[in-house]
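Chemist: Provided below for reference: sequence and predicted model.
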Amino acid sequence: MQRFESAREAARTLRPDAPVYCFRPDVLKADARRFMEMFPGRTAYAVKTNGEELVLRTLAEAGVTMFDVASPGEFEAVRAVSRGAEMIYMHPVKAQSDIRLALESYGIRVLAVDHEDEVAKLTRVVRALDIDPGSITVFVRIQTKGHAAYELSKKFGAGPAHAVEIGERLNKIGYRVGLCFHVGSQIEDPDTYERALASADWVRNRLSFDIAGLDVGGGFPAEYGLDPNSKKPPMPALGQLMSRVRGDLKEYGFDEVPLVAEPGRVIVARAFSLIVRVLLRKGRRLYINDGIWASLSDSWTGKITLPARYIPDPAIKSRAGEADKIVPFRVCGATCDSVDILSRPFWLPETVHTGDWIEIGHIGAYSLSLRTRFNGFYPDTFVEVTTPFDEGDTPEGFASLETMAGAMDLPEG
Ligand SMILES: *Cc1c(COP(=O)(O)O)cnc(C)c1O
């Protein structure tokens, strides 16, 4: 893989017309280690967030020894980078053939369920393979309610009373039984975890046995850009959120049980940025060479303002507008349908021109894993970049994180 100091250097050297992913392995390692230090239990990286081989390999190098997997493809991807990594199979609804593959070929011994039919399915496989249920930990997934950019509690999870029933059933068969939840993704309200912990506490207090562990799922928020017009309160920093979670765990007495977290987004978001090209500027609209069917669907569904950095093409000698005036641009994606328009603008200097590049930061989560081949566009070019996105050279315009504070003082465009 070609290596550059910055995305700007990559753009100006390669002059790419197709999107380019800029991978930052050191940032990925640092963010994984930061999470592992903060969380008072084991960290299982959620493979669905970004299951690229280079990501999984780098995480294994950083000391991640546990992975949250959901499908044969993910079992295989983890095995390919690490013989010894432990996998936890936390999808509550599984094909029986996949359960068999997990137990028989991949040695997986941790699974999740949220219904008695799933317990029956699992137990059929366990009996057929003559495995001791006592060597398997089954987490009962509890339904949670909360506010996340993505609400995932609608789809999975047993109500608290039902969870007690499932737990008792599992215990009677001889499994080790844990409790788990997943509150959604990009959690901005720290009360969300507390509400889930309160439910888990309610369930635990009604079980006739001690639980083998608590898995708090993922959902830990990544940093994105700031919309200066947004009325929403600023997001809590990860450190704050985590110290609140640690306090809540202690308060409910869960600090005494083995803990697991399944972070995805918070670990991998900063590890990639994406260089896109402005194929056409039409007034305050930019038509770029990526979009919601490729790398940007997550920002669309999650209504996330992505931090964007301007990389002007030096070959363009004359530009209209003021270089230090930051304005919102509506961003249209590469495909021919009119759904492919981002839900949030990019904040960039007024001088953006057809042919310029934009570096979109913090794009590592749910970007390349959600690419489609719709309309024949499939971004698949990678370079390595050494400087973190947030520490880049002082750009002509950087409508993002810290510098957004400055942009807020600018007159409305
Ligand atoms: C998607 C998912 C995760 C990861 O969520 P993030 O918000 O990316 O941290 C963790 N656990 C489960 C069960 C998931 O479905």
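Modeler: Cool, got the structure.
Chemist: So which bits of stretch 345-354 are buried?
Modeler: Using 16 or more other CB atoms under 10 Å as the test for burial, stretch 345-354 gives Pro345, Phe346, Trp347, Leu348, Pro349, Glu350, Thr351, Val352. C-beta: built from backbone N, CA, C; applies to glycine.
Chemist: Switch the residues you listed over to JSON lines; also include pLDDT, secondary structure and distance to Asp248.
Modeler: Formatted as JSON lines, the buried residues of stretch 345-354 follow (pLDDT from 0 to 100; DSSP: H, G, I helix; E, B strand; the rest coil; distance: CB to CB, whole Å):
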{"residue": "Pro345", "pLDDT": "89", "secondary structure": "coil", "distance to Asp248": "36"}
{"residue": "Phe346", "pLDDT": "90", "secondary structure": "strand", "distance to Asp248": "37"}
{"residue": "Trp347", "pLDDT": "88", "secondary structure": "strand", "distance to Asp248": "35"}
{"residue": "Leu348", "pLDDT": "90", "secondary structure": "strand", "distance to Asp248": "40"}
{"residue": "Pro349", "pLDDT": "91", "secondary structure": "strand", "distance to Asp248": "43"}
{"residue": "Glu350", "pLDDT": "93", "secondary structure": "coil", "distance to Asp248": "46"}
{"residue": "Thr351", "pLDDT": "95", "secondary structure": "coil", "distance to Asp248": "48"}
{"residue": "Val352", "pLDDT": "96", "secondary structure": "coil", "distance to Asp248": "45"}
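Chemist: Closest one of the residues you listed to the ligand?
Modeler: Among those, Phe346 lies closest to the ligand (CB to the nearest ligand atom), at 23.0 Å.
Chemist: So what pairs up with the residue of the stretch 51-200 of the chain found nearest the ligand in the strands?
Modeler: Here the residue of the stretch 51-200 of the chain nearest the ligand is Ser185; by CB to the nearest ligand atom that distance is 3.2 Å. In this entry, Ser185 is beta-bridged to Tyr150, by DSSP bridges.
Chemist: Determine whether any part of stretch 253-262 lies close to the ligand.
Modeler: Yes. Contact of stretch 253-262 with the ligand (CB under 6 Å from any ligand atom) involves Glu262.
Chemist: Contacts for that stretch, please.
Modeler: 35, 39-46, 66, 68, 88, 90, 178, 180, 182, 197, 200-201, 210-218, 220, 246, 249 (CB atoms under 8 Å, 6 or more residues apart in numbering).
Chemist: any idea which element Glu384 lies in?
Modeler: Per DSSP states H and E: Glu384 is located in strand 381-385.
Chemist: And that strand, what does it pack against?
Modeler: strand 3-4, helix 7-14, strand 20-23 (3 or more CB pairs under 8 Å, 6 or more residues apart in numbering; DSSP states H and E).
Chemist: what's the average pLDDT for that strand?
Modeler: Summarised as a single mean, pLDDT over strand 381-385 is 98.
Chemist: Next, the angle from it to helix 7-14.
Modeler: 130 degrees (axes from the mean of the first three to the mean of the last three CA atoms, to 10 degrees).
Chemist: quick one: contacts for the residue in the stretch 251-400 of the chain positioned nearest to the ligand?
Modeler: Nearest to the ligand, among the residues of the stretch 251-400 of the chain, is Gly264, at 2.7 Å (CB to the nearest ligand atom). Applying CB under 8 Å, 6+ apart, we find Gly264 in contact with Tyr45, Ala46, Val47, Lys48, Thr49, Asn50, Asp68, Ser185, Gly218, Ala365, Tyr366.
Chemist: Next: Val177.
Modeler: Val177 makes contact with Thr137, Val138, Phe139, Val140, Gly167, Leu170, Asn171, Leu207, Phe209, Ile211, Ala212, according to CB under 8 Å, 6+ apart.
Chemist: Which helix or which strand is home to Arg244?
Modeler: Counting by DSSP H and E, the element that carries Arg244 is helix 238-251.
Chemist: Would that helix count as contacting the ligand?
Modeler: No. Judged by CB under 6 Å from any ligand atom, helix 238-251 stays clear of the ligand, getting no closer than 11.4 Å.
Chemist: Check which residues of that helix are buried.
Modeler: Buried, per 16+ other CB under 10 Å, within helix 238-251: Leu238, Leu241, Met242, Val245, Asp248, Leu249.
Chemist: So the first one sits against Phe220, correct?
Modeler: When you say that, I think you mean Leu238. Yes. Under the criterion of CB atoms under 8 Å, Leu238 makes contact with Phe220 at 6.4 Å.
Chemist: what touches both of these two?
Modeler: Val266.
Chemist: What is the burial count for Lys317?
Modeler: A count of nearby residues for Lys317, using other CB atoms under 10 Å, gives 6.
Chemist: count of neighbours near Ala320?
Modeler: With other CB under 10 Å as criterion, Ala320 counts 9.
Chemist: Tell me the first helix or strand C-terminal of the longest strand seen in the chain.
Modeler: Using DSSP state E to define each element, the chain has its longest strand at strand 272-282. Scanning forward in sequence from strand 272-282 by DSSP H and E, the next helix or strand is strand 285-288.
Chemist: Who are the packing partners of that following strand?
Modeler: strand 272-282, strand 326-332.
Chemist: Just checking: what are the partner strands of it?
Modeler: With DSSP bridges as the test, strand 285-288 pairs up with strand 272-282 (antiparallel), strand 326-332 (parallel).
Chemist: mind putting the ones you listed in JSON lines, mean pLDDT included?
Modeler: Below are the strands paired with strand 285-288 laid out as JSON lines (pLDDT from 0 to 100):
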{"stretch": "strand 272-282", "mean pLDDT": "98"}
{"stretch": "strand 326-332", "mean pLDDT": "92"}
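Chemist: what residue ranges in the stretch 151-300 of the chain score low on pLDDT?
Modeler: Scanning the stretch 151-300 of the chain for pLDDT under 70 picks out 151-153.
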